[in-house]
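[1] what's the 3D shape of this:
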Amino acid sequence: DKTLRKLFCRSARRLNPIWKVDEAHNGETALELVKKQHYDLIFMDQYMESTSKQLLGTEAVRQMRESGDVDDSCIICGLSANEEKERFLMAGANYFLMKPIPCSKAGLKSQIVRVLEESTGRPKEYQDDISFVGI
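    Now for the predicted structure:
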């Protein structure tokens with residue numbers, strides 16, 4: 001929801017102020033953002049706020065991958081309070097986290113590093129120049 005998305009993005013900005021962090025309030029907005037800019041990491045919630053028929057997170061991930069607007073260098077992490085791991089991975093996500101995501105500095109850093117390391121299959125140093133979108 002809006003409050004959790006804003007809290008997550010604000011926490012990410014505080015974690016490393018030079019990161020470029022964008023927000024999308026729904027899947028349709030996320031699809032527009034990825035057409036305009038390359039992202040290193042995308043956190044995609046399964047259920048997003050919308051007043052009309054909403055695009056599910058898994059549907060947005062599938063469209064991102066199929067359109068070519070998001071290439072293999074972009075890591076997509078699916079998020080849900082429900083067990084949606086298989087649906088996200090089948091749609092093209094690299095990783096999945098169950099919500100809630102910790103928003104403390106240490107907790108969030110740990111989760112982001114874990115996503116980066118485990119989705120690429122190799123250890124990564126803490127990244128200073130990353131851009132990502134929280135949805």
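
[2] Does the residue nearest the centre of the chain lie in a helix or a strand, and which?
    Nearest residue to the geometric centre of the chain (CA atoms, centre = their mean): residue 43, 0.9 Å. Using DSSP states H and E, residue 43 sits within strand 41-45.

[3] Residues contacting that strand, please?
    The contact list for strand 41-45 (CB atoms under 8 Å, 6 or more residues apart in numbering) reads 5, 8, 27, 30, 34, 57, 60-61, 64, 70, 74-80, 88, 93, 99, 101, 112, 115-116, 130-135. For glycine as for every other residue, the C-beta is placed from the backbone atoms N, C-alpha and C.

[4] Of the residues you listed, which belong to helices?
    If you go by DSSP state H, the contacts of strand 41-45 have 5, 8, 27, 30, 34, 57, 60-61, 64, 88, 112, 115-116 in helices.

[5] Work out the sheet partners of the strand holding residue 43 and label each with its direction, please.
    Paired with strand 41-45 in the same sheet, following DSSP bridges, are strand 75-80 (parallel), strand 131-134 (parallel).

[6] quick check: mean pLDDT across the last one?
    Put plainly, it is strand 131-134. For strand 131-134, mean pLDDT rounds to 54.

[7] Check stretch 75-92 too.
    Mean predicted lDDT for stretch 75-92 stands at 93.

[8] And the furthest pair within the ones in helices among the contacts of strand 41-45?
    27 and 116 (23.0 Å; CB to CB).

[9] For the two, indicate the residue with more neighbours.
    Using other CB atoms under 10 Å as the criterion, residue 27 and residue 116 rank with residue 27 on top: 25 against 22.
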